[in-house]
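Trainee: can you look at this prediction? I've put the sequence above it.
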2 protein chains.
Amino acid sequence: MRRKLSVTFAVTFSINCYATVMTGTPKLRPTKVEKPTINDIARLAGVSKKTVSRVINRSGSLNDDTREKIEAVIRETGYVPNPQARALALGRNFLIGLVHDNPNAQMILNMQQGILEALRDTEFELVVRPVDRSSPEMLDDIRSFLVRQRLYGVILLPPISEIDALARLCDEVNCKYVRMGSSVLDDPAHMVASNDRDAVVEATRHLVAQGHRRIGLISGPHGFNSAQVRRDGFEFALAEAGITLPRSLIADGQYTFESGIAAAESLFDLQPRPTAIFACNDEMAAGVLFAARSRGIAVPEQLSIIGFDDTPIAARVWPPLTTVRWPIVAMGRSAALKIIGSTASASMDDQEPSTFVSTLVRRGSVAPPMK
Amino acid sequence: MRRKLSVTFAVTFSINCYATVMTGTPKLRPTKVEKPTINDIARLAGVSKKTVSRVINRSGSLNDDTREKIEAVIRETGYVPNPQARALALGRNFLIGLVHDNPNAQMILNMQQGILEALRDTEFELVVRPVDRSSPEMLDDIRSFLVRQRLYGVILLPPISEIDALARLCDEVNCKYVRMGSSVLDDPAHMVASNDRDAVVEATRHLVAQGHRRIGLISGPHGFNSAQVRRDGFEFALAEAGITLPRSLIADGQYTFESGIAAAESLFDLQPRPTAIFACNDEMAAGVLFAARSRGIAVPEQLSIIGFDDTPIAARVWPPLTTVRWPIVAMGRSAALKIIGSTASASMDDQEPSTFVSTLVRRGSVAPPMK
DNA sequence: CCGATATGGGAAACCGGTGTCATTTGCAAG
DNA sequence: CTTGCAAATGACACCGGTTTCCCATATCGG
């Protein structure tokens, strides 16, 4: 039967060869799509399948003539190794997992974009896996996911990327991992980070340079490393400028639009009102803008706003938000390359960068305070 | 060696049993994670592995006692069949593909959310696959993706879901598929659609009911079914109200924020200006709002705007946009359930719905025209 | 009581690769 | 002319399931 299939395949192949000459034979194939197997290649090349395997995996030593002959056969037939069979034999799948817990939607998507760019034209595929940080079984869930799917590697998005136990878990089950974050929490091989702190310092200095002295902060949720880092940068920059920051000017946010509105309301009730507000992400900054509008506070004339993330919304509101952009797509790409590593960019020996610089994007939501 | 592995496993298992009593033994496992195999189960239950396989797949006939004993062993050991081995043996993977071509980012994400909800606690995983509609090799790319990964099924997002050749391709390679869209393009088993046309009619009627007569339309890109359907609905509703629509009131858009701005500018140059604009998606509606602001046109006093999609941005701009919401998450869930079908919801025999109703969300961007 | 039929269950091949180990060959060193 | 060693390649078991085929019982009508 194997022999029979092979013959079928060979015929199909020769038909394809002459397809350009013939008037086209749309002859639908049966439900079972015939694909050449490693045995077909071995027979066609007159070698054993182990030798073909050596060519595919560039392992072992083999004669140049043999290699070329096998490569020629592979090229002609369009043979592609069966990933399921390899996964079984190797005990390792060619899948990269993206594990996240519902952070910024836009970020997930940009991250996916970057990762998929890196994975394009490789044998790897991306498997998306949302988890629930609040569930006590989260670690077990992830563990069974990794073990069952025999994942090649995982990319952990913040905030769960900050959980050290997760990283240890990956090591334990022999799964490569890369953690994304707002600051360096792990060695370069396992970390892709943006320098949020520096960016916040720059943003705050920008407000100070414009003449603002009463600057409000809308923080991120407690327990988020990014929230802590951004807040630190803000406080540092103010201290550096010799500005004391009363506790009342710090409002707690949850990284959501609604929490931004609420926090803004509380800051607006202050007497005197802050002349500028730094919101730890764009969603909340948009909330501040929204709240200002509904109160009739003119932006940027009466209130300057700076956000963080440069999500699409920042450029779409009026006035467009001055914000901090971090290269999410590039970071995603880098994370993926770290995992597939030498497999893909074997030619270049340069390590993928681990830290990315964020930059201040100046738009229309900042102006000097009114006298 | 097999025997040895089995023993190791048994020991591990008993340790787990007493873990709650013991003071916890963090003892790291070796890189190779031991998992029970079907052979372990067979031996522990005193049957052949084929019989275990019968239990797992509910196939063949077997004694209740035997079944229960095997199920007990499976439960105790926490055995999960190796997906790679099953995939190899079955010639079919337990992966669902999500194939899309860069449409609305938010939509992709909501869709993913819905699909993942349906896939949660099943054996299926989601593989994301962006493609390039403009590439001539797109179909071949998708074909090789489906064939190589032996996908269980794919979910096609608009606009590529509108390509009939793609659907035929899926059939050909024996891969289940579901197409998402703005109107019904296929039989219920392969289609999940929203009733965009009806929703647009309702939205347009809303504008007409407010007293608007000069209503501009910003269309979607040519070749998109959703664009055509929405435009049809708009024109139908105007005709129904006895309003003639001059060609000049229709501006071409590309579903992007920038194209919305450009289209709005061209409409603003008209004399007299339209008193309302229906933009075929929220991105463009946000562009209209942005353009209006920069021209000093008050919304909704001087201009009413309606968008489509109810993406997050609709609620975050000022004034918040009246728009049409379609239940993307629910549609994603439905699409996934259609594919995993009887596998999951075997208990309930009700078919997953194929069409979903969109609804008008009234916010602040619509008001009667000024006298 | 016998042969026919249905049912439960096992042995072995198979899915398509990879790992281990042995074998053959070529060539330089002793 | 051996011996030694490395390169090149093949035979075969194995990864962990499923499928095919076949046998052993049990049931049952006549």
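Mentor: That came in fine, so what should we check first?
Trainee: only C-alpha atoms from now on, for both contacts and neighbour counts.
Mentor: OK.
Trainee: give me the number of residues near whichever residue of the stretch 251-371 of chain A sits closest to chain B?
Mentor: Chain B sits closest to residue A:317 of the stretch 251-371 of chain A, with a gap of 5.6 Å, by Cα to the nearest Cα. Neighbours of residue A:317 under the rule other Cα atoms under 10 Å in any protein chain shown: 22.
Trainee: could you find the closest non-adjacent residue to it?
Mentor: Excluding the flanking residues, the one nearest residue A:317 by Cα to Cα, 6 or more residues apart in numbering or on different chains is residue B:317, at 5.6 Å.
Trainee: from residue B:131, how far out is residue A:73?
Mentor: 29 Å (Cα to Cα, to the nearest Å).
Trainee: swap that for residue A:92, please
Mentor: Counting by Cα to Cα, the gap from residue A:92 to residue B:131 is 26 Å.
Trainee: over to residue A:340?
Mentor: In this structure, residue A:340 and residue B:131 are 21 Å apart, going by Cα to Cα.
Trainee: what about these two, which has more around it?
Mentor: residue A:340 (21 against 18).
Trainee: which is the next helix or strand following the helix or strand bottoming out on mean pLDDT in chain A?
Mentor: Here the helix or strand of chain A ranked lowest by mean pLDDT, DSSP states H and E is helix A:2-17, holding a mean of 37. Helices and strands here follow DSSP states H and E; after helix A:2-17, the next one along the chain is helix A:38-45.
Trainee: for that next one, name the packing helices and strands.
Mentor: helix A:49-57, helix A:64-77 (3 or more Cα pairs under 8 Å, 6 or more residues apart in numbering or on different chains; DSSP states H and E).
Trainee: nearest to DNA strand C, out of those helices?
Mentor: Closest to DNA strand C of these is helix A:49-57 (Cα to the nearest atom of the strand; 3.5 Å).
Trainee: with just CA atoms, put the closest one into CSV.
Mentor: Provided in CSV are the C-alpha atoms of helix A:49-57 (Å, rounded to 0.1, in the frame of the first residue of the first chain):
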residue,chain,number,x,y,z
LYS,A,49,15.3,7.6,5.5
LYS,A,50,17.8,8.2,8.3
THR,A,51,20.1,9.9,5.8
VAL,A,52,17.2,12.0,4.6
SER,A,53,16.6,12.9,8.2
ARG,A,54,20.2,14.0,8.5
VAL,A,55,19.8,16.3,5.6
ILE,A,56,16.7,17.8,7.1
ASN,A,57,18.2,18.4,10.5
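Trainee: by contact count, what packs against that helix?
Mentor: helix A:38-45, helix A:64-77.
Trainee: so for the last one, what gets flagged as buried?
Mentor: By neighbour count, and taking 16 or more other Cα atoms under 10 Å in any protein chain shown as the criterion, the buried residues in helix A:64-77 are A:66-67, A:69-71, A:73-74, A:77.
Trainee: got the contact list for that helix?
Mentor: A:13, A:36, A:41-42, A:44-45, A:52, A:55, A:80 (Cα atoms under 8 Å, 6 or more residues apart in numbering or on different chains).
Trainee: what do you get if the cut-off is 7 Å, keeping everything else the same?
Mentor: Residues from elsewhere that reach helix A:64-77, judged by Cα atoms under 7 Å, 6 or more residues apart in numbering or on different chains: A:13, A:41, A:45, A:52, A:55.
Trainee: ok, and the closest non-adjacent residue to the last one?
Mentor: Distances taken as Cα to Cα, 6+ apart place residue A:67 nearest to residue A:55, at 6.3 Å, with adjacent residues excluded.
Trainee: same check on the fourth one?
Mentor: Setting aside the residues directly before and after it, residue A:52 is nearest to residue A:42 in space (Cα to Cα, 6+ apart), at 6.2 Å.
Trainee: what do you get for residue A:169?
Mentor: Nearest one to residue A:169, counting by Cα to Cα, 6+ apart, is residue A:143 at 7.0 Å.
Trainee: ok, residue A:128 - contacts?
Mentor: Contacts of residue A:128 by Cα under 7 Å, 6+ apart are A:97-99, B:126-127.
Trainee: helix/strand/coil for it?
Mentor: The three-state label given to residue A:128 by DSSP: H, G, I helix; E, B strand; the rest coil is strand.
Trainee: ok, it to residue A:313 distance?
Mentor: Using Cα to Cα, residue A:128 is found at 24 Å from residue A:313.
Trainee: for the stretch 251-371 of chain A, which segments count as strands?
Mentor: With DSSP state E, counting those that start in this stretch as the criterion, the stretch 251-371 of chain A has strands at A:276-279, A:304-306, A:323-325, A:355-356, A:359-361.
Trainee: residues near the residue of the stretch 101-250 of chain A found nearest chain B, how many?
Mentor: Of all residues in the stretch 101-250 of chain A, residue A:127 sits closest to chain B, at 4.6 Å by Cα to the nearest Cα. When neighbours are counted by other Cα under 10 Å, residue A:127 registers 21.
Trainee: who in the stretch 201-350 of chain A is up against chain B?
Mentor: A:286, A:290, A:313, A:316-318 (Cα under 7 Å from any Cα of the partner chain).
Trainee: ok, so of these, who is nearest DNA strand C?
Mentor: DNA strand C lies nearest to residue A:313 out of these, by Cα to the nearest atom of the strand, at 46.1 Å.
Trainee: OK, contacts around that closest one?
Mentor: Counting by Cα under 7 Å, 6+ apart, residue A:313 has contacts residue B:313.
Trainee: now it: how far from residue A:355?
Mentor: Distance, residue A:313 to residue A:355, by Cα to Cα: 25 Å.
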